[in-house]
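S.K.: generate a structure from the sequence data that follows.
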Amino acid sequence: MPDYELACRTGRATKQVRARRVALGIPRLWWVPAKPWTADELALLGTEPDAFIARKLERSTLAITKRRVTLGIPAVQYPDSKRRLYTRAEDLLLGTMPDDELARRLRRTAGAIRRRRSTLGIRMFQSRLPPLDRQRSRTARPPAR
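M.R.: Numbers count the residues shown, from 1 in each chain. Sure thing, here's the model as predicted:
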């Protein structure tokens with residue numbers, strides 16, 4: 001059993017467990033033998049959020065998520081989650097205007113817009129008009145001498 005798991009079960013700090021293990025001369029366990037998956041356990045994947053299933057099956061959330069993703073089963077959102085899935089129309093708007101402006105229109109954060117755009121491989125919006133500083137420098141006349 002890994003030090004962190006024993007620490008959780010005994011209510012002690014991981015450092016305390018590690019120090020006791022070293023003092024007793026017990027070698028460190030680098031891996032935990034994988035528990036085989038049963039058909040009933042596999043049937044539960046994708047029916048509830050991964051953390052709920054992990055608690056029921058006494059497995060880590062990471063183990064549940066990895067197995068679900070490997071099998072191509074979509075994730076289930078937590079009940080009462082504020083997270084909204086992106087619609088096709090929202091995805092089509094990505095990269096058509098600055099992220100800040102699109103975030104206001106879609107009522108999402110600018111960070112969420114950037115992340116979604118990046119995930120889909122959409123480039124950042126580039127205005128076709130030159131910046132005002134360059135535009136002014138082209139039209140401005142040199143000072144009279």
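
S.K.: count of residues packed around residue 74?
M.R.: 8 (other C-beta atoms under 10 Å). For glycine as for every other residue, the C-beta is placed from the backbone atoms N, C-alpha and C.

S.K.: what helix or strand is residue 129 located in?
M.R.: Here residue 129, judged by DSSP states H and E, is contained in no helix and no strand.

S.K.: ok, residue 116 - contacts?
M.R.: Residues counted as contacts of residue 116 (C-beta atoms under 8 Å, 6 or more residues apart in numbering) are 86, 91, 94.

S.K.: and residue 53, by the same measure?
M.R.: Counted by C-beta under 8 Å, 6+ apart, residue 53 has contacts 44, 45, 47, 64.

S.K.: checking the third one next. Helix, strand or coil?
M.R.: Classification of residue 47 into helix, strand or coil gives coil, according to DSSP: H, G, I helix; E, B strand; the rest coil.

S.K.: gap between the residue nearest to it when sequence neighbours are not counted and residue 87?
M.R.: Nearest residue to residue 47, sequence neighbours excluded (C-beta to C-beta, 6 or more residues apart in numbering): residue 76, at 6.8 Å. As judged by C-beta to C-beta, to the nearest Å, residue 76 and residue 87 stand 19 Å apart.
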